[in-house]
Structure formats: structure tokens, C-alpha cells
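K.L.:
Generate coordinates for the sequence data below:
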Amino acid sequence: MSSEFPKSTGQSSSTNPDSLEMQQTRPSVPVATFGQRTQSGRYTSYSSKNLDNEMGSTELSSYTVQIPSTPDNQPLQLFPIDPSVSRKVEEQYVSNSLFTGGFKSVTLAHLMDKVIESKANHPQMAGTKGSSCAIPGCDGKVMSDERGEDILPCECDFKICRDCYIDAVKTGGGICPGCKESYKEQDVDELVGNAGPLPLPSNVGMSKMERSLSVIKSTESAMVRSQMGDFDHNRWLFETKGTYGYGNAIWPKDGGLGNDGDDGAGEPTELRNKPWRPLTRKLKIPSAVISPYRFLIVIRMFILCLFLAWRIRHPNTEAYWLWGMSVVCEIWFAFSWLLDQLPKLCPVDRSTNLNVLQEKFETPSTRNPTGKSDLPGIDVFVSTADPEKEPPLVTANTILSILAVDYPVEKLSCYVSDDGGALLTFEAMAEAASFANLWVPFCRKHSIEPRNPETYFNLKRDPYKDKVRPDFVKDRRRVKREYDEFKVRINGLPDSIRRRSDAFNAREEIKALKQQRENNIDDQVLEPVKVPKATWMADGMHWPGTWNVPGPGHSRGDHDGIIQVMLNPPSDEPLHGVEPEGNSIDLTEVDIRLPLLVYVSREKRPGYDHNKKAGAMNALVRASAILSNGPFILNLDCDHYIYNSQALREGMCFMMDRGGDRICYVQFPQRFEGIDPSDRYANHNFVFFDINMRALDGLQGPVYVGTGCLFRRIAIYGFEPPSSKEYHPSCCSCCFARRKKAEMVASAPEENRSLSLQDTDNEGMNQSLLPKKFGNSSFLVDSIPVAEFQGRPLADHPSVKHGRPPGALTISRELLDASTVAEAVSVISCWYEDKTEWGQRIGWIYGSVTEDVLTGYRMHNRGWKSIYCVTKRDAFRGSAPINLTDRLHQVLRWATGSVEIFFSRNNPILASCKMKILQRIAYLNVGIYPFTSIFLIVYCFLPALSLFSGQFIVQSLNVAFLTYLLGITLTLCMLAVLEIKWSGIGLEEWWRNEQFWLIGGTSAHLAAVLQGLLKVLAGIEISFTLTSKSAADDENDEFADLYIIKWTSLMIPPITIMIVNLIAIAFGVSRTIYSPIPQWNRLIGGVFFSFWVLAHLYPFAKGLMGRRGRTPTIVFVWSGLIAIIISLLWVVIANPSGNFDIGGGFAFP
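P.N.:
Below you'll find the model as predicted:
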């Protein structure tokens, strides 16, 4: 069964608010602007392109159509039925429907009998089984409440489905088909009261967007008082009427947040009795550590300057070429070190106070008497693209950790972006939603950490430690057994889908062959029947996404947009479990509600640039704005799960604290599992996450690293932060200030321009410009001011200039209807971003394979700040490639994106004045570091060239050279020790990072520079391979991937460097031994630097050898021995003769 919705190709397909108001005021004569009536009585507007086939015109006329009231055209509002029933029915219809649509196609709602083969037993889940409708010939399911109990509108308990109920109300005069009596309003009220469905807000009659905007209107006076600066801070501080705490001024008795005291909700009592407490604190590094650290940086800069000056003034006259190359490389290394070191001058630590967060947002007060959560909503994005490289079980565990997170259920939404459109991912997600019915309440009941079932059940520690409930052992065994069955179902999905599709395709072939034979009257020779090899869903429908055997409109790059609401939005009030039956878990004291869960696969068509992950994230931003519109967005990779259930609260402390309105995102460090104990290839990357990122936190904020980041939605929309200063007008400011600002905006580069938050509050904002920026969806445009307001911190302190009053976010959540989901389908279409600013100045920015760094750069360039949140317990954990080849390809992608940024208009040199100098230097280092590979490779060959030629980079090892070398080395070691001290990493981790810096610099970074130059000079686009998250086939060895050797051309430069240096050492030693006048000083210098190179390349060489005892080890060992033997034989056979006096003998001065 499917229902059609008008699909917008150029304009919004949302419901017309004006027509809705006219329906409410004149129900007998509903009005629609080129509208189509849906089954529930709604009117949705056509676009001009939808009407081309019927009207033959591309212009949309500006007149309305009056539709008279007929027995078949009666809106539900005409009858005295509780609106909560119809709205709940509509939401259940949405959750049981798969919405598809796209470019030049109609949006369809496919009503699904089931989503997965197994039984869906949670009432919020799509495809939940229920009672059948009692109307003869109808196979629909009976309406149900949030517990899954049947909703029976009549006291006779006649079972009726949604469609039959609507028909009975509209065409049957409101007569029950069972008892033949009219539906009674009081009966419905009693029924609803007993079942306990979702409570509705008081403003039920208003449109969806009007109800959201009413939050702003109802608190307009408090907002104005907070933003316009009516409060007199000086009077608070110096007059006796002020109330004081521990160094903090509290609201005065006659100037609180209330509406001038008229409503009796003025100054909160707790603010008179308690001092204001911040949610976060900035912890500075102890001066005993940071002061010597800064002093050593200055000392090393001074030594480097003296050393380079000395090197330039003292060339090696016997080998100018060797001296010249070494000096150029050393100058670049000094410059690169300076770019890396300067942003580290101001590292900071931060801490949060979750108790204060709970006290402010979840404690009963005068503004919030019930103590309902006042925290803003969060939309969590999970991105996946290929179920073969990103196993569905990994993605399912990530989803389960999100659904079980410690955050208000009604404020949390999870969106899964399947950029491959695979049925395997869809059904794995449905299985995860079904298992969440047991896993999430179990985690809440016993405070489980971590809340990823795969990680939890594989913990090495005692699982029963600190568990006090007597039924924990029984519950854990039950959940463990269910999870084992869940894994079996997930791992068996590929075969299940294949067998199901083969059976359905065979049935279709038999039908087609039978039809062909029936139509063959003349007994002609029958041609072979060609039936497309479709992929079938569990309910017997064609999968609208990518088929296992690609077909037209069903391939990875050509399929419709898909949205499926897997879990309905939960009710506002806690819903406890029922009495346990048999061996089930006792959940009578546990909230069993689940967050909203939505599957999204954006439309893809040939000929469109879909912009990889950045395009998928932008599609999620638009779809989530229409469905839930959380003011904050957390994005995670499919292999990064929530390890700390309170991580979202930790991040929200920064967003909701004083000054949080100027924070664009909170970046959490990346922590990894499954890394070999020695961390051979520096996968943990501790130096970057614990040193560089903490240092940037003391400036304008850390860079965005692609996952584990909590965003402010309004910052993603391209708005600039609210002004931190209040400008008082003077006699000249009215004339010159605006002119100066206008001139600055007009002269700014296109990529540096941004939208002002003041425009969202301006009723006179030019609405004609919004479609050009955000697209033609009116739902999306209307959601922007709502998200901006809901994302503001509480106005509970005089310094909070852009806050919201307490209790403003305790209203009920909007229920989903079909027109809303249809609108969400339209905004994920491939055409939607055409002629808009998505990807240019709005959303994730296009133009680089590292869209994460570029997106964060744009936000900092607008003046936003970011925060680095390091929690005591890791916030998120994920997987990283431990295989050498995969690791090199990952580094290649990062470096290639940096080169792209350097050669683009996003070069930090061209940044706006809103970016701090040291922050600009940090971004400049991000774009420049791959170019160090050119000089690094040359410098790695210099020891070998020195040994082959018998020369060295200096004339002789004199006192000056050795002193400078010793000073540079000692200051580097002392800086490393101090960095380890204030960052908390280990010395071995620091050394692993240094080793892989050279490995990556001589392999992936050089390839990235070449690719970047090819793109700039020749226009050759860059493609990258998705990093595999799958494990090796060897189940007995956790680190089997570490020993797999997969050849890649990136290995050629490091292998060449190793072989050349080994041969050069043998050659230099042999010639020095056979020389009548040995030149030991030059030999020692060359051998020392050769060993320095080989020591850094040791992990690379070890990776090439693979597992001990296998063939690669023998091959590489014998290759090295043969190279050395050949070098020695050449020296012995061709014993050099003549004068070897090419320099003075070895002597220490």
C-alpha cells in the first residue's frame, strides 16, 4: 500500500500555513493553493513543475481553489474527536511507512507490514505487530498507544485501523461500525486517560511551526530584557538592593527575568539564596611546567637562528652541492618547527560540573515546577557508506550506544546516513532498534558502562564489580543470550537477503513466464523471460535503494531518497515497564522509552556531484531540521561509539555555560580500540590529540577532526556568533559605524562572508534571499530561528547577553505527520542544493577530501570559538587501521586534503581579521606540513650521498658545529619531556609519533603533494579509498591485520631510502678501512645520520617483514644481506688505489 505526496522539485511541498488557518476558521470550506487532500484531511501544495503535465505552464498562478464540503471531503476537526487520537494515529502511520522520492518523481509512502523477519516487539518501532482490523476485507492494524496497547475509540471495544477509523469519521457520520452508535468525546477522553498517550501542548490548534515559534513569542519580554541591556550592572554592584554570593552578583529583587512582575514568575527564589555557579572551569597548566616550556621554546629559536647563520657563513668548499641541499632543508625544518611550536604557547585544561548542570536544567523551580528537563535537543548523526568495509554489526553497536546514552530521551534523536543505500544496513539498523528494547532498559537499570554491547561483554575486568542489585546476574545472562542471538541474526542478514531475493525473483519469473504463455495464442517461439534481479524487503516489496545486482534506478550512484522512522518520537512522560513474566527482566522501575531513530539514504543520480561524506552530512542537517530540529548536532563515524554515557552532558556544560553562545562546536579526543600493544604505526596519535589539540584550546579552539564533535546548528548554517561587546551609539556612530561595517562586508571575500544572528530576530528580513541560501523549503527556513533560540544558554547571569529564560524548553515535542516526512524526503534530493549556498558557506564545506578541517576553519574564520573536552572517562572510542597499507592510505587522504586547502581560497593566509594570529598559524601549519616531505626525503638521502662521495655537510666536525648540534638536540629533548609532563602522554608514545612522522613524510605526504599539484595544474580530481573497519579473517589473533602485507606504491620511497642507506654504510665502512688515510670524522658523521634515518624507519621495516616464520621475512632478510655482500665484494675486487687524502684525519678539536 502506498500513498502519494506532491513532490517538490523547485519549491516547498510543505503544508501552507495560511490554508491551515482558513481550514480551522472555516471548516466547511477548506482552502488549498493548488493542493491535494491527503487521507487525513490535510492539504499539501503542488509546485509549478508538478503541474506542468496537467496545466502546460511553468508559472504558478496566484489564486486559490475553493473546495466545497462534500461527504467525501470532511476534515477531522468537524467531529468532536480528541485531537490526540488522530495525531497519534498519524504518527503510527508515519512510523510504519517507508518514504521514498527524488528528482522528478513523486514522494511515496509505502505502508510496511514488517521491517525485519524477526518480530518487532517495541511499540515505538516501525512494523510493530498489533491486532488486526475487524472491518471485513481490511488487513490493517489497530491503533495503539505508546505501550503497544490497542486504542479502541468506542466503548464496545470494536477493533478498527487508522484508515477505517478515518472513513468512519468522515463518510460514516462518526458512527462506530461495531455497535452502530456515534463516537463519544467523553469515551475517547477516558480511553486516552487510561492508556496514557502523549500529552499535547495547549496550543494544539496551531500549525507545527507556529507552535515552535510561540516559544519565542511567549518569552519575548524576558529575551528583550536579556539582549537589549536594560539591566543596570553598576546598580547591582554598588547599590544595597543587590544580593551577593561568593564573588558573583545575583539578580536584584526588582529586576529579574519575569515580565515586570505581572505574571508572578519574577526572580527565582533559588537565585536569591544561592550564588551563581558556572558549569565549566578553565584549568591552567602549572607555572612550574609551562614557564620553563615557553622559555625553552625561545631558547631553541635563538639557537636555531645562530646555527643557521653559522651554516650559511661556513660552507663546505669541497662539496657545495651537499652543503647547499642540507642548508635549504635545515631552514625549512626550522620554519616548520616554528609553525608547529608557536600555537603550543598557551595550553589549557578544562573541567565540567555535571551536578550544576542537573541543578539548573532538571531541578524543580519556579519556572519549571515539575522539574522536567530544560536541556536542549541533540541530533546525533551516524554516517556509513559501504556495509562491506563498514560491517553492519559495528554500526549496530554504535546505534545501541547512542540510544542508551544518559540524556533526556525526548530530547535525543539519532539519524543514520546510509550513503550506499544498502538493504543490509537498513535491516541491520532495524534489528538494532528491536534489540534496543531490551538493551537500553538494562543499561539504565544497572548503570552499565560502556553501553556498547560488543565492548561490554568482552571486557577483561570483573563485570559484577560495584553492582548491588540482586537480580543483576540473572539480567546480565538474559541480555548476553539475547545479544548472541542478535549477532547471529546480523551476521546472517547477507545470506537471508540473498535467499529471500532469489525466492521472490524466481516467483516473478514464473509469473512472467505464465503470463507469456497465456498471451501466446499462435504458439510462437517464446523468447527468454527477462526479469530484473531485484532485492526484496521482508514485506515483499522491492527495495528502493541499491540492489545486490545493480539495475536502472537501483545502483550505488542511482537510487531514490529513502527515509524510514525506525523508532517513533517518545512520549514526554517516563514510561515504566510492566510486571515481568517468566524469565524476563523486571523493568517496573525503569523508563523503557527509546529516542527517535531515523534511517536516511539521500537520493543519488548520475551526473550529479554528491560530494561524498560532506554531501551526506548536509542532507542529514536538512532532514533533521524538519523532523526534530535539535539545536545541537553530534556527528559520529559508524565505528565510533559512545564510551561514556554522560559525554553529551559534558559537552552541553560548555554550550550552556556563560559565553557558550559563542562556541560553535565542542571537539572530543579520538580514542581507539584494537591497536597493537606497541602501537607500531602511532594509531593512537597521542601527540596530536593530547598536545596539539590542548594547545589550540588555549587559542580560538581545536580543529574539527571529523567525528566525536558536538556542533551548534546555527553555526553550521553559516551564521556569525553573537557580538561579545555592546556598542553604545555616539554622535557619529549612526553615520559612520554602519557604513564601515557595510564596506567591510562588501569588500570581504565570498567565502569569508557570513549571516548575522540579528537577522533571525528581524521581522523585516529579506525573505527573498533565503531560498538562494538555504533552498526552497519553507519548513527548513522557519526552523532556523527556533534552533537559534533553543540553543541559547540560560539567562541566569548578568553577563549572559543572548540567553533564554529557564523553563522555555519544557514544552511537548511535535508529533510527526506524513507531510513533514514528505518534506524531509524533498530536502535530501540531489537537486535541492542547486543554486544554493549549501557546501559553499552553509553546512559541511565542499572542495576537499578533508571536509572536516575545512568546515571547522570556516567557523573559526567567522569569529566562532571551539572547545576541547577531555573527559576522565573517554567520551568516544572507535577503531583505527593497524595494517601498514591502510594506515598509509589514511594518512594520504589527510595530507591530500591539507594540500587542497593550501592551494584554495581557504588558505589561512587569506583568513579574515576575526581569526587570531596564532590560530591562523596553526591552520597554516595544517596546510603546509605535507610539503615538508620534499625536504625530508632529500635530507634522508644526504647521509648516503655523504658516504658515497666521502664528503659531509660541513667542512669538518669542529667545536662550533658540535656545540650547536648538542644545543638543538638537548632543547628538543627537554621540550619533549615538558610536553609529556603537561599532556600526560608517555615517552614511548612520543617516540612512536616521531617515527611515523618520518614514515608518513617519506611516503604518503609526498604522494599528497603530487596529487595536489596535479589537481591545481592539470585539473585531475582526487579520489580516495574508504578506510576499512573490518577485522582480519584470523579470529584467533586479535592483531592479525598487523601482519598482512598489501603492496602499494607508497612503500617505494621508504624502501629505497632504507636500501640506499644500508648500502652506503657498508660502502663507507669498506672504503674507510681500505683507505691508506682513513677519514673517520666524515664516516662517523655520515653513519650517525644514516642510523638516525634507519631508526625512524624501523617500524616500517618491521611491518614489511610480516609475521615471523613466514616467507616475507626470509625474502627481505636475504635481500638485505645480498645488497651488503655485493657492496663489500665490489670494494674488495675494485680496491681503490691512488690518493685518498680528501681531508684531514679524524681528530677531536
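
K.L.:
For residue 430, see how far away the residue nearest to residue 597 when sequence neighbours are not counted is.
P.N.:
In space, residue 597 comes closest to residue 567 once its chain neighbours are excluded; the distance is 3.8 Å by Cβ to Cβ, 6 or more residues apart in numbering. C-beta coordinates here come from the backbone N, C-alpha and C atoms, glycine included. Between residue 567 and residue 430 the distance is 10 Å, computed by Cβ to Cβ, to the nearest Å.

K.L.:
same check, this time on residue 281
P.N.:
Here the criterion is Cβ to Cβ. By it, residue 281 lies 43 Å from residue 430.

K.L.:
now swap in residue 1049 and tell me
P.N.:
Using Cβ to Cβ, we find residue 1049 at a distance of 42 Å from residue 430.

K.L.:
mind checking how far whichever strand or helix holds residue 652 is from the chain centre?
P.N.:
Assigned by DSSP states H and E, residue 652 belongs to helix 647-656. Mean-position distance between helix 647-656 and its chain equals 16 Å (Cα atoms, centre = their mean, to the nearest Å).

K.L.:
i'd like the first residue to be 59 from this point on
P.N.:
That works, and once the first residue is 59, the last one we named lands at helix 705-714.

K.L.:
residues of that helix that come out buried?
P.N.:
For helix 705-714, burial by neighbour count (16 or more other Cβ atoms under 10 Å) applies to 705, 706, 707, 708, 709, 710, 711, 712, 713, 714.

K.L.:
Show me what the very next helix or strand once past that helix pairs with in its sheet, parallel or antiparallel.
P.N.:
Secondary structure here is assigned by DSSP H and E; on that basis, the next helix or strand after helix 705-714 toward the C-terminus is strand 721-725. Strand 721-725 has these partner strands in its sheet, going by DSSP bridges: strand 767-770 (antiparallel), strand 923-926 (parallel).

K.L.:
which outside residues touch strand 721-725?
P.N.:
By Cβ atoms under 8 Å, 6 or more residues apart in numbering, the surrounding residues in contact with strand 721-725 are 709, 712-713, 751, 759-763, 766-770, 773, 779, 914, 917-918, 922-927.

K.L.:
Could you do stretch 1022-1029 as well?
P.N.:
Counting contacts by Cβ under 8 Å, 6+ apart, the residues outside stretch 1022-1029 that touch it are 354, 357, 358, 361, 362, 364, 365, 368.

K.L.:
how about 6 Å then?
P.N.:
Stretch 1022-1029 is touched from outside by 354, 357, 358, 361, 365, with contacts defined as Cβ atoms under 6 Å, 6 or more residues apart in numbering.

K.L.:
Over to stretch 684-693?
P.N.:
Under the contact criterion Cβ under 6 Å, 6+ apart, stretch 684-693 has outside partners 434-439, 471, 767-769, 771, 837, 841, 845, 848-849, 881-882.

K.L.:
what about that stretch, start to end distance?
P.N.:
18 Å (Cα to Cα, to the nearest Å).

K.L.:
swap in stretch 164-172?
P.N.:
Start and end residues of stretch 164-172 are separated by 23 Å (Cα to Cα).

K.L.:
Buried residues of that stretch, list them for me.
P.N.:
165, 166, 167, 168, 169, 170, 171, 172.

K.L.:
and that stretch, what's its mean pLDDT?
P.N.:
Across stretch 164-172, pLDDT averages out at 75.

K.L.:
Neighbour count: residue 339 and residue 488, which is higher?
P.N.:
More neighbours sit around residue 488 than around the other of residue 339 and residue 488, counting by other Cβ atoms under 10 Å; the figures are 27 against 12.

K.L.:
name the element that one belongs to?
P.N.:
Using DSSP H and E, residue 488 falls within helix 481-504.

K.L.:
try residue 440
P.N.:
Counting by DSSP H and E, the secondary-structure element that holds residue 440 is strand 436-442.

K.L.:
just checking, next helix/strand downstream of that strand?
P.N.:
Stepping forward along the backbone from strand 436-442, the first helix or strand reached (DSSP H and E) is helix 450-461.

K.L.:
three-state assignment of residue 157?
P.N.:
Judged by DSSP: H, G, I helix; E, B strand; the rest coil, the three-state class of residue 157 is strand.

K.L.:
Enumerate the beta-bridge partners assigned to it.
P.N.:
Under the criterion DSSP bridges, residue 157 forms beta bridges with residue 167, residue 621.

K.L.:
Now distance to residue 1025 too, for the buried residues of stretch 164-172, in JSON lines please.
P.N.:
JSON lines is the format used below for the buried residues of stretch 164-172 (distance: Cβ to Cβ, whole Å):
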{"residue": "165", "distance to residue 1025": "70"}
{"residue": "166", "distance to residue 1025": "73"}
{"residue": "167", "distance to residue 1025": "73"}
{"residue": "168", "distance to residue 1025": "73"}
{"residue": "169", "distance to residue 1025": "77"}
{"residue": "170", "distance to residue 1025": "73"}
{"residue": "171", "distance to residue 1025": "77"}
{"residue": "172", "distance to residue 1025": "74"}
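
K.L.:
Closest one of these to residue 1014?
P.N.:
Using Cβ to Cβ, residue 165 is the member of the buried residues of stretch 164-172 that sits closest to residue 1014, with 80.4 Å.

K.L.:
For the closest residue to the closest one other than its chain neighbours, the count of nearby residues, please.
P.N.:
The spatial neighbour of residue 165 that comes closest, neighbours along the chain excluded (Cβ to Cβ, 6+ apart), is residue 159 at 3.5 Å. Neighbourhood size, residue 159 [other Cβ under 10 Å]: 26.

K.L.:
Show the pLDDT at the residue nearest to residue 978 when sequence neighbours are not counted.
P.N.:
Sequence neighbours aside, residue 966 is the residue nearest to residue 978 in space, at 4.9 Å (criterion: Cβ to Cβ, 6+ apart). The predicted structure scores residue 966 at 92 on the pLDDT scale.

K.L.:
for residue 1181, same thing?
P.N.:
Each residue has a pLDDT score; the one for residue 1181 is 63.

K.L.:
Can you show me the CA trace of stretch 745-760 as PDB?
P.N.:
What follows is stretch 745-760 as a C-alpha-only set of coordinates in PDB (Å, rounded to 0.1, in the frame of the first residue of the first chain):
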ATOM      1  CA  VAL A 745      50.800  13.800  20.400                       C
ATOM      2  CA  PHE A 746      48.100  15.400  18.200                       C
ATOM      3  CA  PHE A 747      45.100  14.700  20.500                       C
ATOM      4  CA  ASP A 748      46.800  15.400  23.900                       C
ATOM      5  CA  ILE A 749      49.400  18.100  23.000                       C
ATOM      6  CA  ASN A 750      48.400  20.000  19.800                       C
ATOM      7  CA  MET A 751      44.600  20.000  20.500                       C
ATOM      8  CA  ARG A 752      45.000  21.100  24.100                       C
ATOM      9  CA  ALA A 753      47.300  23.800  23.000                       C
ATOM     10  CA  LEU A 754      44.800  25.100  20.400                       C
ATOM     11  CA  ASP A 755      42.200  25.100  23.100                       C
ATOM     12  CA  GLY A 756      44.000  28.000  24.700                       C
ATOM     13  CA  LEU A 757      43.700  30.000  21.500                       C
ATOM     14  CA  GLN A 758      40.500  30.100  19.400                       C
ATOM     15  CA  GLY A 759      39.900  26.400  19.800                       C
ATOM     16  CA  PRO A 760      40.800  23.000  18.400                       C
END
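
K.L.:
Good, we can wrap up now.
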